[in-house]
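[1] can't give you the sequence, but here's the structure:
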């Protein structure tokens, strides 16, 4: 069974290290984390933090050129995977 974790972020780079630290400490890693940057001004910082996390966990990172909002951002991510559970 495939599990997808989804996160839509907007200028939330300062919180990502806490999320990644928690996910890295999990014993079960049979999942993929999908992160979408929702046209934030912190893209460069978010890219760096995500790149570091990708060395240890499965992270797919995408960017939107326009702010799609919470629901719109998650809808875009839903279309990226075929996971059984989200």
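    It's in. Quick caveat, the model's predicted, so the values are computed rather than measured. Numbers count the residues shown, from 1 in each chain.
[2] Tell me, what's the model's pLDDT at residue 1?
    pLDDT recorded at residue 1 is 86.
[3] Run a quick neighbour tally on it.
    6 (other Cβ atoms under 10 Å). (Glycine included, C-beta is placed from N, CA and C.)
[4] so what's it up against?
    84-85 (Cβ atoms under 8 Å, 6 or more residues apart in numbering).
[5] what about the closest residue in space to residue 31 that isn't next to it in sequence, distance to residue 43?
    Leaving aside its sequence neighbours, residue 31 sits nearest to residue 3 (Cβ to Cβ, 6 or more residues apart in numbering; 4.0 Å). Distance, residue 3 to residue 43, by Cβ to Cβ, to the nearest Å: 27 Å.
[6] just residue 10 next, same as before
    Residue 10 is 11 Å from residue 43, by Cβ to Cβ.
[7] What of residue 16?
    For residue 16, the distance to residue 43 - Cβ to Cβ - is 12 Å.
[8] Between those two, tell me which one has more neighbours.
    When neighbours are counted by other Cβ under 10 Å, residue 16 and residue 43 differ, and residue 16 comes out ahead with 21 against 13.
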